[in-house]
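**Student:** Have a look at this fold, sequence not included:
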């Protein structure tokens, strides 16, 4: 069928397949939610393809999660997603947000001269590895004195995003390790790539979606146990979120995520 003779329905179908093929290569499927419930077990809450990330897009995603049974989200770790703050405060208003520290560091080092990189990253380590927020702010001020003239955009990014970068300083080390990065999602994406990279042609959009679904099921069926340090983490969360923690006998039925 020539391009000029295609019907609008055929053009729409082909556009959808192109979108799904991109999704199969995991280049555009950045919107994945993985949750950890109050029993210490993780699961994939959903995968989405959004052409334009915005507060409206994220509000739709979050409302969908709530309608499917997610009652509360204590802490959400994200990659500084556009519009996410506005959306989650509208749907889950008590949620705390922690931007992924690994992504922040990657973005900070992206355009740094090689000869400056080691010293600059050492100064940033003093910020993100600080014992508390005040010590981190002091280290950030030292960073400003050393690097602001040469790398002003880096300092500007840290200061503009500080509210969501500094959330984890209020928690003990076990909780910090749990929420400081979205590397769990990156690892999940790598597993999906191994499944989809060997096949680049799909006859229908359903065939691709089925393949992704089966790949997700194969990956998550190994997620049977809970975190080894979960008892300590749960005890700490019970202190910080005491008023929102459900009764003990309801934990196994809850889908409430971290």
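**Tutor:** Here it is on my side, so go on. Note that this is a predicted model, so its numbers are computed, not measured.
**Student:** which one is the residue positioned nearest the centre of the chain nearest to, not counting chain neighbours?
**Tutor:** Ranked by distance to the mean C-alpha position of the chain (Cα atoms, centre = their mean), the top residue is residue 78 at 3.6 Å. Distance criterion Cβ to Cβ, 6 or more residues apart in numbering; nearest residue to residue 78, sequence neighbours excluded, is residue 84 at 5.5 Å. Where you see a C-beta, it was placed from the backbone N, CA and C, and this is true even at glycine.
**Student:** All the strands of the stretch 101-250 of the chain, residue numbers only.
**Tutor:** Using DSSP state E, counting those that start in this stretch, the stretch 101-250 of the chain contains no strands.
**Student:** Is the residue nearest to the centre of the chain bridged to anything, and to what?
**Tutor:** For residue 78, the beta-bridge partners are residue 99 (DSSP bridges).
**Student:** pull the helix or strand with minimum mean pLDDT from this structure.
**Tutor:** Lowest by mean pLDDT, DSSP states H and E among the helices and strands of the chain is helix 8-24, with a mean of 53.
**Student:** Pass me the low-pLDDT residue ranges in this structure, would you?
**Tutor:** For the chain, the stretches with pLDDT under 70 are 1-30, 49-52, 198-205, 208, 247-258.
**Student:** Where do the helices of this structure begin and end?
**Tutor:** Residue ranges of the helices in the chain, as given by DSSP state H, are 8-24, 55-67, 84-91, 101-109, 114-128, 133-147, 152-160, 162-165, 173-179, 183-196, 205-220, 230-240.
**Student:** Which among those helices is found nearest to residue 37?
**Tutor:** Nearest of the helices of the chain to residue 37, taken as Cβ to Cβ: helix 230-240 at 10.3 Å.
**Student:** what's around residue 72, how many residues?
**Tutor:** Residue neighbour count, defined by other Cβ atoms under 10 Å, stands at 18 for residue 72.
**Student:** Now do the contacts for residue 97.
**Tutor:** By Cβ atoms under 8 Å, 6 or more residues apart in numbering, residue 97 lies in contact with 75-78, 84-85, 88, 164, 167.
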